[in-house]
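no sequence for this one, just the structure:
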């Protein structure tokens, strides 16, 4: 793991064990391409990541970059092909997964698909308690369920208790998902595009629920999103992914105000915004994200890179290089080495 | 949003507790709702109507049949007599009342149909869910067995099984009828298991199942709480259609002489009609009524089955 | 109903291509009542101009756009208003046209790229055949060589290698398919293109590519464009003017700059805050509480009043007309124009050099 990522472990208040650490995580899938040829899809190709207690981490990238995969891998829903993931210092393989699940929960992207169509809201929100055998059946579990629903903004809870998911709007469904995750009183929430399927005003409402929960319970959050504006507004640290690798990492300020990796720079230059940046030239990348089964040699971004150099087609910048002057800011780009040297 | 005055949590909980129904309550609500929806579909209604009549007949059969076909007194010398005021549907080749046989036959035909379908459903569900959920070698082996049963021509298999098991049957209650149920059930499960396997495969991928895993559920929990409830309606709809097929199958097997000659069933009647040359002699009252009954019941089950399929799919149910 | 017709505010400055006045679209409910989904919508579009239509789902933006093409679903009808297209081929009164007349103008004068259009291609037909179909339908005399030539031309415009025309849709990626749909929309040389959330399903980079493409095409062919989206940031980058719709009506309309720097409707103000923009303040604006109104149960006064943070008693009592301030800037609010600082605009960019 690169020094920069190690650095991002430290927290001002002294607690140094992060909730999750990922070291050199690879997730490869075998699949059959056209004409039946076997191909290896490298969804994650060497990811280092640190998620600290109480921190809001943004994992940003376009579709196919692996951001959802790393989210699921952290929670043990996707076993890595190689590499190690640790929960509070203990490797996942030796962790009690049930304990992990009780303490770190996930909010999925599509509120229309993530709730079982045959369960009522009341049943859905009590289910986690039943699974983990928390509280006594009956009044205690109902009480906890009610509290969770109301904290997620569904008030009064009894109006929703007997309803089925298809009777609720997208925003309401997402709140039920959040409530059922929060009923376990977890320490962390991994949110995979929690609002991208929702309409405009509902989006803001659901985000506010999440941020309020963060404030009141010191919840750690991961936002997996392609919406850079969201990451800018809500996250403490940001990690930018491209084709299965982290290409840039640092605090939100560091990465957004002073992007170092040409991909990040390009992304930021084309994000629609009422505040066009004067420091970034607008660079629309040509072509499209390559197939994850045909990753270019050397630096995986080099075929589309506006600042490509000779060595980029053969040397793969595996680790994040430290950006001078900024404590936890790193980018996987040879330009930094050249600038430093 | 949360700053507005809200009733203290205690109130909500009490409201919920007082309004909540136990398992029985929930089941009866579902049954109620489903019935109302079923009744909305015209074909479902017709099918249900026909089935009610036949079920009624099956139940009260012995009491309304003018004669007991097995009683020695039923035999008369009016061989293959056409319908008259004494014998409303005429007589068979032994001078027995055809109507009585028809009425009592309802019982056997429908019993075999139901029982065989349940056997099919149970085997099919276990195989389908296991193959679909566990995948890997379990799936490969189970699917291979499934393929085998699907490919083997049904009739020869049924004949072989019926013959092999036939002799053991005589000591069992219901005798050969039991064998019939077993044979139809064993040959009919393969189609059901295929459908269920597909459904389970698609359910496995659904996000809410992944969410259940993320919540910390164990495999038995997921199967019981997530997979089963979403598969049960399909099983139900499919089983209703299988009943129709089973009744048809029973009729076929009985017609071929593999049934129980001592118990009247529609297929049995067709068998007797054929053997005795009733068809050649034009004694239509012997073979047309059972044929018509078979057709009616099968169509009725099919109509109800399709109506249930519509109910079963919640998306079709939504009225926004 | 309007103080100054919106049309006069903009007609004065150039040749107007499309004029929509007092458009209302409705359906009849079970009891026979007229329920309006679009009410009193008026705007005009000049040749080569890009107008953005923004709002939450259900606000009527798509219905308005479909009316321009006469593509309303069968249960909806035009309850009032006129739609006039000042085409180079003559003035066309779209609201009065018959089905045949509409079919004639569709694709040749006005075409549309739908949301999720990339999935609208027939998966078992080659792309060239599908475009060819459209061409032959609208230009009956065209021959095979003509079709091929036109397809080559179109693909060049949208940046796809013309050799790929004979491929099937699944051989193209999502972004490429969207380009194909744009090519299809251009096939018969329309004067106006309507894009209904054309980039919503796409990634940032692909979105940028498509928007850039649309921009280039507009300049090259002098196309007018109506862009429908809920993403205000996208509108900020691509449109000249924006109309914000709420509850079936236009809540505010004006140039992009004006709307961003001094919105005059509380809804616009809140909507702008709902999209944290990179470079803006690092916080979530307070969300708009509640949900959009039910067209069958509209509030008696201002439609936004139940959710408005600036609402006062009068607001629930009076029906409102668009109040015009200047330069084609109108807002449907009793208190427009607001005193400086009442509707604070988004903060100044942070960190931009």
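Cool, the structure landed. None of the values given here were measured: they were computed from a predicted structure.

from here on, contacts and neighbour counts on C-alpha atoms
Noted.

And for the residue of the stretch 151-300 of chain C found nearest chain B, the neighbour number?
Nearest to chain B in the stretch 151-300 of chain C, going by C-alpha to the nearest C-alpha, is residue C:289, at a distance of 7.2 Å. Using other C-alpha atoms under 10 Å in any protein chain shown, residue C:289 is surrounded by 15 other residues.

And the residue nearest to it when sequence neighbours are not counted, how far from chain A?
Closest residue to residue C:289 apart from its sequence neighbours, by C-alpha to C-alpha, 6 or more residues apart in numbering or on different chains: residue C:307 at 6.0 Å. Here the criterion is C-alpha to the nearest C-alpha, to the nearest Å. By it, residue C:307 lies 11 Å from chain A.

And residue C:61, by the same measure?
Taking C-alpha to the nearest C-alpha, one finds residue C:61 at 14 Å from chain A.

pretty sure that residue is in contact with residue C:53, am I right?
Yes: under the criterion of C-alpha atoms under 8 Å, residue C:61 makes contact with residue C:53 at 6.3 Å.

pLDDT weak spots in chain C?
The model of chain C has pLDDT under 70 over residues C:1-14, C:118, C:344-353.

Could you pick out the residues of it near chain B for me?
Taking C-alpha under 8 Å from any C-alpha of the partner chain, the part of chain C that reaches chain B is made up of residue C:289.

All the strands of chain C, residue numbers only.
C:16-28, C:34-46, C:50-54, C:77-87, C:90-93, C:110-113, C:192-196, C:224-229, C:241-246, C:249-255, C:323-326, C:329-331 (DSSP state E).

The residue nearest to residue C:289: neighbouring residues, count only.
Residue C:307: 16 surrounding residues under other C-alpha under 10 Å.

and it, what is it in contact with?
C:288-291 (C-alpha atoms under 8 Å, 6 or more residues apart in numbering or on different chains).

For those residues, pick the one with the most neighbours.
Top of those by neighbour count (other C-alpha under 10 Å): residue C:288, with 22 neighbours.

looking at it, that residue is touching residue A:203, isn't it?
No: Residue C:288 is beyond contact range of residue A:203, at 9.8 Å (criterion: C-alpha under 8 Å).

So for residue A:228, which of the strands of chain C sits nearest?
Set against residue A:228 and scored by C-alpha to C-alpha, the strands of chain C come closest in strand C:224-229, at 18.1 Å.

ok, and for stretch B:122-137, which residues are buried?
Neighbour-count burial for stretch B:122-137, with 16 or more other C-alpha atoms under 10 Å in any protein chain shown as criterion, is recorded at B:122-125, B:127-133.

With distance to chain C and pLDDT as added columns, please give those in JSON lines.
Putting the buried residues of stretch B:122-137 into JSON lines (distance: C-alpha to the nearest C-alpha, whole Å; pLDDT from 0 to 100) gives the following:
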{"residue": "B:122", "distance to chain C": "40", "pLDDT": "92"}
{"residue": "B:123", "distance to chain C": "39", "pLDDT": "92"}
{"residue": "B:124", "distance to chain C": "35", "pLDDT": "92"}
{"residue": "B:125", "distance to chain C": "35", "pLDDT": "92"}
{"residue": "B:127", "distance to chain C": "35", "pLDDT": "93"}
{"residue": "B:128", "distance to chain C": "32", "pLDDT": "93"}
{"residue": "B:129", "distance to chain C": "33", "pLDDT": "92"}
{"residue": "B:130", "distance to chain C": "34", "pLDDT": "92"}
{"residue": "B:131", "distance to chain C": "31", "pLDDT": "93"}
{"residue": "B:132", "distance to chain C": "28", "pLDDT": "91"}
{"residue": "B:133", "distance to chain C": "30", "pLDDT": "90"}
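
Tell me the residues on the stretch 1-150 of chain C that lie near chain A, please.
Residues of the stretch 1-150 of chain C lying near chain A (C-alpha under 8 Å from any C-alpha): C:56-57.

Can you name the residue of the stretch 1-150 of chain C nearest to chain A?
Counting by C-alpha to the nearest C-alpha, the stretch 1-150 of chain C gets nearest chain A through residue C:56, at 6.0 Å.

Tell me who's in contact with that residue.
A:199-201, C:230, C:245-246, C:292.

Filter those residues down to just the buried residues.
The buried subset of these - by 16+ other C-alpha under 10 Å - is A:200-201, C:230, C:245-246, C:292.

re earlier: of the buried residues of stretch B:122-137, which is the nearest to residue A:266?
Among the buried residues of stretch B:122-137, and counting by C-alpha to C-alpha, the member closest to residue A:266 is residue B:133, at 43.9 Å.

doesn't residue B:204 make contact with that closest one?
Yes: judged on C-alpha under 8 Å, residue B:133 makes contact with residue B:204 at a distance of 6.8 Å.

Can you show me the helices along the stretch 201-350 of chain C?
Counting by DSSP state H, counting those that start in this stretch, residue ranges of the helices within the stretch 201-350 of chain C are C:204-221, C:232-238, C:256-261, C:266-273.
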